[in-house]
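In: this one's sequence-less:
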């Protein structure tokens with residue numbers, strides 16, 4: 001057995017072997033999210049950023065203190081570029 005080698009497979013052939021799908025076709029799991037227009041995606045990202053910052057500020061003492069020290073007010077987040085202040 002020594003010296004026997006496992007045959008080399010390309011990544012595509014491995015995926016095809018395990019999934020039974022042709023990997024040359026794009027795989028889309030959630031068409032609504034993965035094909036969303038860029039403006040809509042930015043809007044969703046901003047909404048989620050605001051939610052995450054507000055959640056941490058209100059419920060996690062460690063992050064509340066950090067945000068306070070950094071002068072971050074969750075209500076003043078207006079655009080994605082505001083993430084630089086966090």
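Out: Done, it's in. Bear in mind that the values here come from a model prediction, so they are computed numbers and not experimental data.

In: Going by C-alpha atoms from here, please, whenever you check contacts or count neighbours.
Out: Will do.

In: For this structure, which segments count as helices?
Out: 11-19, 31-34, 38-59, 61-70 (DSSP state H).

In: Distance to residue 84 and mean pLDDT added to those helices, as TSV?
Out: Shown next, in TSV, are the helices of the chain (distance: least, Cα to Cα, whole Å; pLDDT from 0 to 100):
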stretch	distance to residue 84	mean pLDDT
helix 11-19	37	60
helix 31-34	25	84
helix 38-59	12	95
helix 61-70	11	96
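
In: Same list, the ones you listed, but as a markdown table with mean neighbour count and distance to residue 78 please.
Out: Below are those laid out as a markdown table (neighbours: other Cα atoms under 10 Å; distance: least, Cα to Cα, whole Å):
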| stretch | mean neighbour count | distance to residue 78 |
| --- | --- | --- |
| helix 11-19 | 12 | 42 |
| helix 31-34 | 10 | 23 |
| helix 38-59 | 14 | 8 |
| helix 61-70 | 13 | 16 |
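
In: As a markdown table, those helices with distance to residue 25 would be great.
Out: What follows is the helices of the chain, written out as a markdown table (distance: least, Cα to Cα, whole Å):
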| stretch | distance to residue 25 |
| --- | --- |
| helix 11-19 | 11 |
| helix 31-34 | 14 |
| helix 38-59 | 23 |
| helix 61-70 | 43 |
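
In: Tell me which of these sits nearest to residue 77.
Out: helix 38-59 (6.6 Å; Cα to Cα).

In: Now do that closest one against helix 61-70, angle only.
Out: 110 degrees (axes from the mean of the first three to the mean of the last three Cα atoms, to 10 degrees).

In: roughly how far apart are the spatially most central residue of the chain and residue 61?
Out: Closest to where the C-alpha atoms of the chain average out (Cα atoms, centre = their mean) is residue 45, at 9.8 Å. Separation of residue 45 from residue 61 (Cα to Cα, to the nearest Å) stands at 24 Å.

In: Before I go, just wanted to say thanks for your time.
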